[in-house]
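[1] Here is a sequence together with a model predicted from it:
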Amino acid sequence: MERNYTIDFIKFFAILAVVIIHTFPSDHQLGFFILDNFSRFAVPFFFVASGYLFGLKVIDNPNSAAYFKKYLIKILKIYVSWLVFYICYDVIRIFINGGNDNHELSKYFEGLSVLKLLYYGEGTSGYQLWFVISLAWSIVTLYLFYRLKNLILLLVLGLCLNLAGLFGQSYSIFFEMPITTRDALFIGVFYTTVGFWFAFASPFKKYRSFGKKSYFFWFCFVTVLQASEGYWLEKVLSAKHGEYFIMTIFLTVFLFLFTVNNPELGKGFWISKIGANALGIYAVHVFFIDIVDILLSTFGLGHVSHNLLWNVIDTFLVFTLSYITYLFIQNLKSHLPFLR
């Protein structure tokens, strides 16, 4: 299987976008409109890329069940490892903050329900882990429908659920879903299935005649439409802040059309090498965001969080620390086999 270097290249910008979303305050005009809404391609791209790479491995593979099991175990190991890390971190924070430790600990662990931990990825300070557990559930669903030869059904159902999930976010101004929609059912399944289809069915490949630049142009154009959609919903209609929009679907498809038709972009670039470690950066970056916020608060500098220059520095600092830390962890694992 020929390696697609563009996936890692774009993953760099995707994980940078995630860090930007989490470091820039949502009530900052630049942070919300220009950066937050423009950055919403990141997680859908991660889902699509995962579905695509998974598809390349299992399609026409007589040992697909073995690979599925191996891949799923890998995702779950990553999720459990970081879940334990954030639980330990939260417990340490509770003890450091003092007060009635037993009461706070009891309250904390009572909030860690099975549903939150094993499906929504919620309950700890590692709120970003929802993506990892959602990916696991999405891959399970995707492989099941693949074996049942009902991928088209899953694609249609996933699209319908994804659109319905928008009413649990910014479109709730029209009708509010009674449940949270940031999960595998409403987001992960659809985008991983789209990625799988890029690997499974060739309908997308026949559009190569459109040209690589055309796909990138349409991606940029739809990105502007997505940012405008988000701005219109929140600033004009006073809807609550959303994470994904109708235009996100088109944006993601055009971006991945560009990706699969331009596989050599980023080959040998340092950006691609960092992008290959996007999941590790994703898992640890929230920890460093919290540490930086604690230090600012400790030194009475909390007010700088709305300073544009500081937001840029904060993003660079968190991103760099996360990458270095993940490389250190990987190096440690290579020397300590029991950690693998």
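    Sure thing, it's come through.
[2] Excluding covalently adjacent residues, which one is nearest to Trp82?
    By the measure of Cβ to Cβ, 6 or more residues apart in numbering, the closest residue to Trp82 outside its immediate chain neighbours is Ala283, 4.7 Å from it. The C-beta positions use only the backbone N, C-alpha and C, and glycine is treated the same way.
[3] Tell me the helix or strand right after the host helix or strand of Ile274.
    Here Ile274 is covered by helix 270-275, with elements defined by DSSP states H and E. Using DSSP H and E, the helix or strand that follows helix 270-275 in sequence is helix 278-298.
[4] Which SSE is immediately downstream of that next one?
    Scanning forward in sequence from helix 278-298, with DSSP H and E defining helices and strands, the next element found is helix 308-335.
[5] Tell me the helices and strands packed up against that following helix.
    In this structure, helix 308-335 makes packing contacts with helix 5-23, helix 278-298, judged by 3 or more Cβ pairs under 8 Å, 6 or more residues apart in numbering; DSSP states H and E.
[6] Go again with 10 Å.
    In this structure, helix 308-335 packs against helix 5-23, helix 270-275, helix 278-298, with contacts taken as 3 or more Cβ pairs under 10 Å, 6 or more residues apart in numbering; DSSP states H and E.
[7] which outside residues touch the helix holding Ile274?
    Residues external to helix 270-275 that are found in contact with it (Cβ atoms under 10 Å, 6 or more residues apart in numbering): 5-16, 265-266, 269, 281, 319, 323, 326-327.
[8] what pLDDT, on average, does it get?
    Over the span of helix 270-275, the pLDDT mean works out to 95.
[9] re the thing from before, tell me, how many neighbours does the residue nearest to Trp82 end up with?
    By the other Cβ atoms under 10 Å criterion, the neighbourhood of Ala283 contains 25 residues.
[10] which residues does it contact?
    For Ala283, the contacting residues are 78-79, 81-83, 85-86, 126, 128-129, 131-132, 322, 325-326, 329, taking Cβ under 10 Å, 6+ apart as the criterion.
[11] May I see the buried residues of stretch 244-258?
    Buried residues in stretch 244-258, counting neighbours by 16 or more other Cβ atoms under 10 Å, are found at 244-245, 247-258.
[12] Output the longest helix belonging to the protein.
    Secondary structure of the chain per DSSP state H: the longest helix is helix 64-97.
[13] need the next SSE after that one, C-terminal direction.
    helix 101-110.
[14] who's in contact with that next one?
    Taking contacts as Cβ under 10 Å, 6+ apart, the residues outside helix 101-110 that touch it are 87, 90-91, 93-95, 97-98, 100, 123-124.
[15] quick check, nearest of these to Asp183?
    Closest approach to Asp183 among these (Cβ to Cβ): Gly123, at 13.7 Å.
[16] can I assume the closest one is in contact with Ile133?
    No. At 11.3 Å, Gly123 does not count as touching Ile133 under the criterion of Cβ atoms under 10 Å.
[17] got any ranges where the stretch 101-250 of the chain has weak pLDDT?
    Per-residue confidence of the stretch 101-250 of the chain (counting by pLDDT under 70) places the weak regions at 201-211.
[18] which residues in it form helices?
    When secondary structure is read from DSSP state H, counting those that start in this stretch, the stretch 101-250 of the chain shows helices at 101-110, 114-115, 130-147, 151-165, 189-200, 212-231, 246-260.
[19] quick one, which of those helices is nearest to Thr298?
    Checked against Cβ to Cβ, the stretch from the helices of the stretch 101-250 of the chain lying closest is helix 101-110, at 19.7 Å.
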